[in-house]
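In: After the sequence you'll find the predicted model.
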Amino acid sequence: MWIWFLLAVLLAGGPVWGFSFSSSWQRSESKGTPPQWIQNYTFSFSRSLTHALSTGGSVRYSHQSQADTWRKTWTPSIYFSIANDLFSFNLSGTGTQSETESTPAMKSHSWSANLSTSYREVSIGLYFNYNRQWNEAHPRTVDSRSNGWGFSLARSFDKGLLANLSVNYDFRIDRSEDLIAGSESRSDAQAVRMSYSNIFHGLSFSLSHQYYISTSEADYTLGAGGRARAYVDLSFNGTPPGTLYPGTTSTDNNTLVILGPQQEIQGLELYIDWTNRKAVSGTSGWDIEYSSDGVHWTRITSNVSLPYQFSSPVKARYFRLILVSGSPVQLIDPHVRGFYFVTETHTESKLTHYQGNLSLSYNFPREIHTSYFFSYDISKPDTGSETKRFNHSLSASWDPSRYFRPRMTVSYYTDQTGNKPDQESRSYSLGISSDPLDTVTLSGAYTYNKSWTGGDPVSQSESYSLGVQMELYPDLILKTNAGYSETRSFGNATSLTRSYTTSLDLLARLRPDVTLDLRTDYTRSKPSGGEVTTSKRYQASVSWRISSILFFSTYHTITDSGQQKVYNYSYSFSLAPTSKVRVSGSWGGSRNGAKSDTLSANLTWNLGPHLNLNTSYSWSKSDTETSWSWFLNLSLVF
């Protein structure tokens, strides 16, 4: 229906419409796996009906296939806009139809409208949205609809005593209905935000405060056991990787960090393709952890499949999913949800949230600079745990001369959540920098950190550092750094780890187009009751701009940990023989008892005003095993 509607609009518009079309074809293939094809097509149109009226839209189609698996998606959209001296209005609609080889077609459409105007220096905004989503399964397994509306008021003062004061008020009502589960929810929310900044007798200050209150009610159809499952949509902390690879320790390639909700949840579930409701395979094993600060983590369970129900409800600022077993997991359209259980057909809840900060800065005579920062975040649900977070930070610096520039920072953080033990951390740092000569810079610092849980110490660290940078010649720079640290962990048994690090870096410009970098690093560490471990690292790199069209670089690294020596190397080049052609390639590998080598090449070619080619090839060998992959992308744009 969407496509026919768009075509009717186009035919009625006549030849005065503006059109654009783009497409791309991608083929990638790796040894031992079937080739993958990706096709993307986009057709867009727009038209200015008058100087104040405009309309347009687009139709996007995507198709991915590999062996017997495939995924195709249609996404038509349309918009209408009015802008004049009195108001602006935008209406937009989007439809989606997506399907895979193992899931039924998923369809959805949504509409949104926004109206903005102003009256007596008050900005006014009105908005409305409607969403509908269902699939073509028999019977349907997804069928939901939602709508919401609201308004906002904003005023900024620029004169008199209230100058630099901004006030905002938002009100919103949302309704949603799950026709499959037989549940319905309603919520309304209000938020007041105020911010103010000024300078008073040299004291610069800014403060902001937000008051938020929401009320929710829901009706459920109870199932087996006299309970129903309710869901909370969660978001990732950062952008998830395209593919997760199993690993025993947390890394960027096997970990998803999730922002926790403002309530307790009883489990987590993960979808690799949310558009088509495709959940992660049950053969994958996950470690699940939670944290209040994103640094110290507490394990909930190990090597379990998702979805997973916790043994008891958990409320945390962060959750973490670590893939530890199974096959690699490709994240096409990832989405994560928390869930909890209700045992009543009707529930009501209320949340009050306060958030704000204060920033002060003052410059005393004789180049003394000071600043203070305070922030708070308080959540008060009518049921569940109340959370309070406070942060204080004080810093000062003194710049009497180039020979002596001290600085100091003190910070304190606390997290109070319900009946859980309070989390506290304190840190202090003192640093000094100096330029005794035009070609010499000295710096040193001391840092202290300590954290507590329920008044009991958890960890403590102290570190000292010293750095020197010298310009020996105009094109020769020497950098050296040394550091010493002590880290203590408390608990059933107190442990102490002492570490010492040093580095030496020599950067030389041999010619205007040739740069040489020589670096060495040394680390020594000894835990209490353990053995001394050392690590030495030597690195050399060269970059050479041979000409305006050719660039070459190489690096070589030797790492000696006492038990194993690892040698890594790389050679790479980039060549642009014409303005339309660019070729690049690299060759690298490592030696650590085993041998591995990798060769790659890439070609980018602008074939014409509307056609572009990009292709790459990669070959690698590890001992007796070899692998290769090839990628081809052809883009057409009008």
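Out: Sure thing, it's come through.

In: Chain neighbours aside, what residue packs nearest to Ser385?
Out: Nearest residue to Ser385 in three dimensions, chain neighbours excluded: Gly418, at 2.7 Å (CB to CB, 6 or more residues apart in numbering). From N, CA and C alone the C-beta is placed, and that goes for glycine too.

In: chain center to stretch 379-390: distance?
Out: Its chain's C-alpha centre and that of stretch 379-390 lie 26 Å apart, by CA atoms, centre = their mean, to the nearest Å.

In: In space, what's closest to Asp287 - neighbours in sequence excluded?
Out: Closest residue to Asp287 apart from its sequence neighbours, by CB to CB, 6+ apart: Ile322 at 4.2 Å.

In: so where do the helices sit in this structure?
Out: 2-13 (DSSP state H).

In: Next, the spatially most central residue of the chain: phi, psi?
Out: Per CA atoms, centre = their mean, the C-alpha nearest to the average position across the chain is that of Gly238, at 1.4 Å. Note on Gly238: backbone dihedrals following degrees, to the nearest 10 are phi 100, psi 180.

In: Please name the residues that touch the closest residue to it other than its chain neighbours.
Out: Excluding the flanking residues, the one nearest Gly238 by CB to CB, 6+ apart is Val257, at 6.5 Å. Contact partners of Val257, counting by CB atoms under 8 Å, 6 or more residues apart in numbering, are 236-238, 294, 318-320.

In: And the pLDDT for Val458?
Out: pLDDT for Val458: 87.

In: Assess the claim that the residue nearest to Ser385 and Lys315 are in contact.
Out: Yes: assessed by CB atoms under 8 Å, Gly418 is found in contact with Lys315 at 7.4 Å.

In: Need the overlap of contacts for these two.
Out: 384-385, 387.

In: Kindly reformat those residues as CSV containing distance to Gln66 and neighbour count.
Out: CSV is the format used below for the shared contacts of Gly418 and Lys315 (distance: CB to CB, whole Å; neighbours: other CB atoms under 10 Å):
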residue, distance to Gln66, neighbour count
Gly384, 45, 16
Ser385, 46, 17
Thr387, 45, 20
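
In: Among those, which lie within strands?
Out: Thr387 (DSSP state E).

In: and which of the shared contacts of Gly418 and Lys315 is nearest Glu217?
Out: Gly384 (16.0 Å; CB to CB).

In: Identify the residues contacting Tyr354.
Out: The neighbours of Tyr354, taking CB under 8 Å, 6+ apart as the test, are 209-212, 376-378.

In: Out of the residues you listed, flag the one nearest to Ser187.
Out: Tyr212 (12.4 Å).

In: does the closest one really touch Phe171, like I thought?
Out: No: with contact defined as CB under 8 Å, Tyr212 and Phe171 do not form a contacting pair (11.3 Å).

In: Mutual contacts of the two, please.
Out: 189-190.

In: if we can go back for a sec, pLDDT and distance to Leu636 for the contacts of Val257 - can I get that in TSV?
Out: Output for the contacts of Val257, formatted as TSV (pLDDT from 0 to 100; distance: CB to CB, whole Å):
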residue	pLDDT	distance to Leu636
Phe236	94	34
Asn237	91	38
Gly238	87	34
Gly294	83	44
Tyr318	93	44
Phe319	95	43
Arg320	93	43
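
In: of those residues, buried ones?
Out: 237, 318-320 (16 or more other CB atoms under 10 Å).

In: now, which of those residues sits nearest Gly285?
Out: Distances from Gly285 to the buried ones among the contacts of Val257, taken by CB to CB, are shortest for Arg320, at 14.5 Å.

In: For Leu268, see how far away that closest one is.
Out: Distance from Arg320 to Leu268, counting by CB to CB, to the nearest Å: 10 Å.

In: shared neighbours of these two, anything?
Out: By CB under 8 Å, 6+ apart, Arg320 and Leu268 have these common neighbours: 258, 288.

In: Quick check: pLDDT value at the closest residue to Asn303 other than its chain neighbours.
Out: Among residues not flanking Asn303 along the chain, Gly285 sits closest, at 4.1 Å (CB to CB, 6+ apart). What the model reports as pLDDT for Gly285 is 93.

In: do Pro15 as well
Out: pLDDT, Pro15: 51.

In: re earlier: using JSON lines, please lay out the contacts of Val257 together with distance to Ser54.
Out: Formatted as JSON lines, the contacts of Val257 follow (distance: CB to CB, whole Å):
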{"residue": "Phe236", "distance to Ser54": "35"}
{"residue": "Asn237", "distance to Ser54": "38"}
{"residue": "Gly238", "distance to Ser54": "36"}
{"residue": "Gly294", "distance to Ser54": "44"}
{"residue": "Tyr318", "distance to Ser54": "43"}
{"residue": "Phe319", "distance to Ser54": "44"}
{"residue": "Arg320", "distance to Ser54": "46"}
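
In: So which of those are in strands?
Out: Per DSSP E, those map to strands at 236, 318-320.

In: all strands for the stretch 51-200 of the chain, in order.
Out: 53-66, 69-83, 87-100, 106-119, 122-135, 143-156, 165-178, 183-200 (DSSP state E, counting those that start in this stretch).

In: From what I see, the residue nearest to Asp287 and Thr255 are in contact.
Out: Yes: if you go by CB under 8 Å, Ile322 and Thr255 touch, sitting 5.1 Å apart.

In: Look at those two and report which has more neighbours.
Out: A side-by-side neighbour count of Ile322 and Thr255, using other CB atoms under 10 Å, places Ile322 first with 24 against 18.
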